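Visitor: quick check, what structure comes out for this input:
(one chain, ligands or ions: 1)
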Amino acid sequence: MSRVDWLSKQGTPLQGNVTVPGDKSVSHRALMFGALADGVTHIRGFLEGEDTRATATILGQLGVRFETPAPGERVVHGVGLHGLRASTTPLDCGNAGTGMRLLAGLLAGQAFDSTLIGDESLSKRPMRRVTDPLASMGATIDTNDGLPPLRIRGGAPLRGISYTLPVASAQVKSALLLAGLYAEGTTDVVEPHPTRDYTERMLSAFGWPIEFSPGKARLEGGHSLRATDVDVPADFSSAAFFIVAACIVPGSALRLRSVGLNPRRTGLLAALELMGADIGVENERESGGEPVGDLIVRYAPLHGVALPLDIVPDMIDEFPVLFVAAAAATGMTTIRGAAELRVKESDRIASMANGLKACGVNIQELPDGAMIVGGRIGGGSIDSHGDHRIAMAFAVAGLVADAPIAIGDCANVATSFPGFMELANGVGFALSQAD
Ligand code: S3P
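Guide: Numbering: from 1, shown residues only. Sure, this is the predicted structure:
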């Protein structure tokens with residue numbers, strides 16, 4: 001992939017309306033359940049990102065036919081639970097941890113062998129968290145010492161297990177539930193803290209009997225999925241960059257339209273409110289079984305906080321931009337209990353700490369978080385480590401920095417947020433490609 005670098009400078013107060021692209025988690029799952037269903041599923045609001053397109057390509061390799069009537073729409077011709085067929089070539093998940101971990105569960109139940117591969121970043125991400133419990137269900141998956149590629153041996157009969165996740169992870173939970181569709185008996189998953197429940201909600205919408213409540217899910221194998229249309233809400237994690245931008249740039253008043261507000265995703269709102277933010281919700285409604293609403297974000301001076309531990313899993317993807325909010329706030333913010341950030345698309349604690357230090361911010365890295373003394377962000381040159389959320393977080397930092405911030409290696413923003421630069425510049429950012 002060719003290297004793309006950005007330059008972010010102070011722009012104007014953020015004003016107007018923004019609709020961010022569709023939710024990544026929901027888009028991945030809609031493709032997978034649509035593929036395994038009997039009948040035709042129409043997905044609207046599909047995220048046209050590289051991660052979700054990689055999942056569509058993989059399902060295509062496995063014999064599923066898709067149509068794209070318009071950008072952001074997919075028609076999935078389901079092949080039924082047992083209708084997938086082997087691919088002669090490896091299945092490339094690109095940068096997508098969600099794609100790889102969920103597909104590992106799905107493919108463990110097939111009659112044929114498969115190999116899942118990923119890009120440089122994904123090839124360094126831990127996979128034992130899914131392969132170990134899948135092995136105890138009877139799957140045979142070879143890894144490169146716990147890392148991708150995953151070589152999944154087909155034809156192994158799976159049996160349901162009761163499993164308590166050692167770390168809160170919707171990806172692991174979902175992989176086990178997907179394998180559970182093919183397993184003999186009951187698959188029971190308990191989480192140390194509730195995580196996003198899109199898999200459970202969508203399985204239920206596709207007609208699979210499932211019992212779930214926050215932190216628990218239970219299903220049995222041997223049923224079938226019935227095609228159903230899916231409306232994908234706008235991705236809260238993409239909205240997060242605009243939310244923080246409007247919080248920290250004086251004079252801002254921004255409306256984010258139709259954002260997915262699943263409570264397992266919106267911890268950032270609670271964190272920013274503790275810091276003094278002015279955020280309102282209007283037009284709250286249900287869309288496709290998910291709460292959505294418009295967020296109205298106005299500038300307000302932020303102050304540092306000790307982040308409550310219990311909201312960490314509800315904002316796991318929003319930490320890069322929370323670090324920026326903390327650096328722009330007055331006083332100290334302490335983040336703990338977030339060691340999972342070290343195994344995301346990059347080591348997000350190190351990426352943010354090194355980047356903010358390069359911009360003159362007083363930040364101390366901790367094993368599971370950081371202490372950030374906010375107040376002033378300087379200009380500087382930072383490396384995003386090919387991590388989409390680090391690149392976008394520093395684009396936000398540039399809005400309030402004393403001098404421009406140069407951000408290296410931004411091409412992967414297209415994995416989750418195609419068109420970010422244009423959308424951002426349309427409401428007041430001053431973001432450009434660096435020469
Ligand atoms: C996701 C779960 C989270 C999140 C990721 C998407 C999902 O990962 O970070 O971006 O769609 O299930 P973990 O489950 O590994 O925490």
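Visitor: grab the nearest non-local neighbour of residue 74.
Guide: Taking Cβ to Cβ, 6 or more residues apart in numbering as the measure, residue 74 lies nearest to residue 43, with 4.5 Å between them; neighbours along the chain are not counted. (C-beta placed from N, C-alpha, C; glycine too.)
Visitor: could you check how many residues crowd around that neighbour?
Guide: Residues lying near residue 43 (other Cβ atoms under 10 Å) number 26.
Visitor: now do the residue of the stretch 1-150 of the chain found nearest the ligand, the pLDDT please.
Guide: In the stretch 1-150 of the chain, the residue that lies nearest the ligand is residue 25 (3.2 Å; Cβ to the nearest ligand atom). Turning to residue 25, the model gives it a pLDDT of 98.
Visitor: the closest residue to it other than its chain neighbours and the ligand, how far apart?
Guide: In space, and not counting its chain neighbours, residue 25 is closest to residue 198: 5.3 Å by Cβ to Cβ, 6+ apart. According to Cβ to the nearest ligand atom, to the nearest Å, residue 198 stands 7 Å off from the ligand.
Visitor: what does residue 372 give?
Guide: 21 Å.
Visitor: give me the secondary structure label for that residue.
Guide: Counting by DSSP: H, G, I helix; E, B strand; the rest coil, the backbone at residue 372 sits in strand.
Visitor: now it: closest residue in space that isn't a chain neighbour?
Guide: The spatially closest residue to residue 372, leaving aside those adjacent along the chain, is residue 326, at 4.2 Å (Cβ to Cβ, 6+ apart).
Visitor: how about the one you found, what does it touch?
Guide: When the contact criterion is Cβ atoms under 8 Å, 6 or more residues apart in numbering, the partners of residue 326 are 275, 304, 333, 335, 372, 374.
Visitor: how about the residues of the protein near the ligand?
Guide: Remark: the part of the chain in contact with the ligand comprises 25, 98, 169-171, 174, 196, 316-317, 340, using Cβ under 6 Å from any ligand atom.
Visitor: in helices only, show me those.
Guide: 25, 98, 170-171, 174 (DSSP state H).
Visitor: from these, which is closest to residue 310?
Guide: Sorting those by how near they are to residue 310, with Cβ to Cβ, puts residue 170 at the top with 16.4 Å.
Visitor: skipping adjacent residues, who's closest to that closest one in space?
Guide: The spatial neighbour of residue 170 that comes closest, neighbours along the chain excluded (Cβ to Cβ, 6+ apart), is residue 195 at 4.0 Å.
Visitor: hmm, the one you found is touching residue 189, no?
Guide: No: contact between residue 195 and residue 189 fails when scored by Cβ atoms under 8 Å: they sit 10.2 Å apart.
Visitor: what touches both of these two?
Guide: Both residue 195 and residue 189 are contacted by residue 173, under the criterion Cβ under 8 Å, 6+ apart.
Visitor: element containing the nearest residue in space to residue 83 that is not next to it in sequence?
Guide: Counting by Cβ to Cβ, 6+ apart, residue 83 lies nearest to residue 63, which is 7.0 Å off, once chain neighbours are set aside. With elements delineated by DSSP states H and E, residue 63 resides in a region that no helix or strand encompasses.
Visitor: among the ones in helices among the residues of the chain next to the ligand, which one is most surrounded by other residues?
Guide: Neighbour counts for those (other Cβ under 10 Å) peak at residue 174, which has 30 neighbours.
Visitor: what residues are up against it?
Guide: Residue 174 neighbours (Cβ under 8 Å, 6+ apart): 29, 101-102, 105, 198-199.
Visitor: do that again at 10 Å, thanks
Guide: Contact criterion Cβ atoms under 10 Å, 6 or more residues apart in numbering gives 25, 28-29, 32, 98, 101-102, 105-106, 130, 189, 195-200, 202-203, 217 as the residues in contact with residue 174.
Visitor: now swap in residue 116 and tell me
Guide: Residues counted as contacts of residue 116 (Cβ under 10 Å, 6+ apart) are 58, 90-93, 99-101, 103-104, 107, 122, 127, 141, 143, 148-152.
Visitor: correct me, but residue 280 touches residue 298?
Guide: Yes: contact criterion Cβ atoms under 10 Å: residue 280 and residue 298 qualify, at 8.1 Å.
Visitor: these two: who's more crowded?
Guide: Of the pair residue 280 and residue 298, residue 298 is the one with more neighbours under other Cβ under 10 Å, namely 16 against 11.
Visitor: what's the burial count for residue 30?
Guide: Counted with other Cβ under 10 Å, the neighbours of residue 30 add up to 33.
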